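S.K.: Turn this into a structure:
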Amino acid sequence: MSGEPGYFHQDTLRVPDGAELYYQVTGDGEPGAVLCDGLGCDGFAWKYLAPYLSRHHRVLRWHYRGHGRSGIPMDRERIGMLYTCDDLQRVMDAAGMERAVLFGHSMGVQVALEFHRRYARRVQGLVLLCGSYGNPLDTFHDSNVLKKMFPTLRRVVERFPEQSARLIHAALRTELAVQLAITLEMNRERIARNDLAPYFEHLARMDPVVFVRTLDSLAEHSAWDHLLHVDVPTLVVAGERDKFTPGWLSRKMAARIPESELVVIPEGTHTAPLEAPGLVELRVERFLRERLGKPSTPSADGVRILPPAARA
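M.R.: Numbering: from 1, shown residues only. Next comes the predicted model:
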């Protein structure tokens, strides 16, 4: 792997069941970092953190089955958490990363924890951002309404996939969808429209059947029983105003993981890495330095919380 500044490599990996997985590697340096996305995402949450990490670390970004530039397996039933963890192991092999710090945002938190359960020797540390240890439909907006509605939604999507795709794609491509999300779910004073729009653009292109099958796997998965067995340095990052994964979940998770650290982003929501990039970078940098022995760098001395206008 090249150590030149600005190093970039991208490729696809075909796994045994036919799915083609997209991945890219940037930067160089240890410990390496693997970034695991949220559901329906192709990397929008890492807009600021990924290039920051790439200045001193080898950073692996990849797309789940049916997400972003990754394909769908020949057997469309092969969607879910266990396949995701196996895929991650193969992608790390392809990228030449024997061990790494796993970063997870939203769904990526469950992926990182389950991967540690199954492949602990390959995990040097965990950075868990704005996510849950499991069963996210039980706690979405501190309610189980979505959990009750989901079986019906899934049946409709599975039975009428083409019609569902047309309806969903049309709705998500509207400016109204973006503005509603910013107003109702995010911190409007902190999030820039151009930071959130890529999420809707990707979701509008995504196969809705893949989405609901992935969500079904998440809804049934929990790493709660594994938290006590996490034996690597762990940083938990929560948004104070996160409605998708309420802050109490992060506190509960951090309290159960031995010797973990918790940082709560003031006024942060589910997109805290985009709303307060400097604060997240500073805290991650300190964690890597103090808990994983990464040398100090001048970039860790200050905090930048950019207003939306500066990130547009």
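
S.K.: Which residues are in contact with Val236?
M.R.: Taking Cβ atoms under 8 Å, 6 or more residues apart in numbering, we find Val236 in contact with Leu128, Ser250, Met253, Ala254, Ile257, Ser260, Glu261, Leu262, Val263. No exception for glycine: its C-beta is placed from N, CA and C like everyone else's.

S.K.: How about the secondary structure of it?
M.R.: Of the three states, Val236 takes strand under DSSP: H, G, I helix; E, B strand; the rest coil.

S.K.: Please name the nearest non-neighbouring residue to it.
M.R.: Take Val236 and drop its neighbours on the chain: the residue closest to it by Cβ to Cβ, 6 or more residues apart in numbering is Ala254, 4.2 Å away.

S.K.: and Thr245, how many residues sit next to it?
M.R.: Using other Cβ atoms under 10 Å, Thr245 has 25 other residues around it.

S.K.: sec struct for it, please.
M.R.: Criterion first, three-state DSSP; result for Thr245: coil.

S.K.: The residue nearest to it when sequence neighbours are not counted: helix or strand, and which one exactly?
M.R.: Counting by Cβ to Cβ, 6+ apart, Ser132 is the residue found nearest to Thr245 once chain neighbours are left out, at 4.7 Å. Under the criterion DSSP states H and E, no helix or strand holds Ser132.

S.K.: Where do the helices of this structure begin and end?
M.R.: Ranges of helices in the chain, per DSSP state H, are 49-54, 81-95, 107-118, 145-159, 161-172, 175-184, 193-205, 208-220, 247-256, 272-275, 277-292, 308-311.

S.K.: what packs against the first one?
M.R.: Read that as helix 49-54. Helices and strands touching helix 49-54, by 3 or more Cβ pairs under 8 Å, 6 or more residues apart in numbering; DSSP states H and E, are strand 20-26, strand 33-36, strand 59-62, helix 277-292.

S.K.: need these in JSON lines with mean pLDDT and distance to Ala95, can you?
M.R.: Shown next, in JSON lines, are these (pLDDT from 0 to 100; distance: least, Cβ to Cβ, whole Å):
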{"stretch": "strand 20-26", "mean pLDDT": "98", "distance to Ala95": "5"}
{"stretch": "strand 33-36", "mean pLDDT": "98", "distance to Ala95": "8"}
{"stretch": "strand 59-62", "mean pLDDT": "98", "distance to Ala95": "5"}
{"stretch": "helix 277-292", "mean pLDDT": "96", "distance to Ala95": "19"}
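
S.K.: re the thing from before, weakest of the helices of the chain in terms of mean pLDDT?
M.R.: Comparing mean pLDDT across the helices of the chain, the weakest is helix 308-311, with a mean of 48.

S.K.: List the contacts of the spatially closest residue to Ser250 that is not a sequence neighbour.
M.R.: Among residues not flanking Ser250 along the chain, Ala238 sits closest, at 3.4 Å (Cβ to Cβ, 6+ apart). Contact analysis of Ala238 by Cβ under 8 Å, 6+ apart lists Cys130, Thr245, Gly247, Leu249, Ser250, Arg251, Leu262, Val263, Val264, Ile265, Gly268, Ala272.

S.K.: same deal with Tyr199?
M.R.: Residues in contact with Tyr199, defined by Cβ under 8 Å, 6+ apart, are Gly40, Cys41, Phe44.

S.K.: what separates Ala276 from Glu261, distance-wise?
M.R.: According to Cβ to Cβ, to the nearest Å, Ala276 and Glu261 sit 17 Å apart.

S.K.: Then Gly80?
M.R.: Using Cβ to Cβ, Gly80 is found at 30 Å from Glu261.

S.K.: next one: His202
M.R.: As judged by Cβ to Cβ, His202 and Glu261 stand 31 Å apart.

S.K.: Also Pro16?
M.R.: Counting by Cβ to Cβ, the gap from Pro16 to Glu261 is 38 Å.

S.K.: what about the two, which has more around it?
M.R.: Glu261 (17 against 8).

S.K.: Spatially nearest residue to the more buried one (excluding sequence neighbours)?
M.R.: Once flanking residues are discounted, Glu261 sits nearest to Leu235: 5.0 Å by Cβ to Cβ, 6+ apart.

S.K.: now swap in Met97 and tell me
M.R.: Here the residue nearest Met97, using Cβ to Cβ, 6+ apart, is Gly32, at 5.0 Å.
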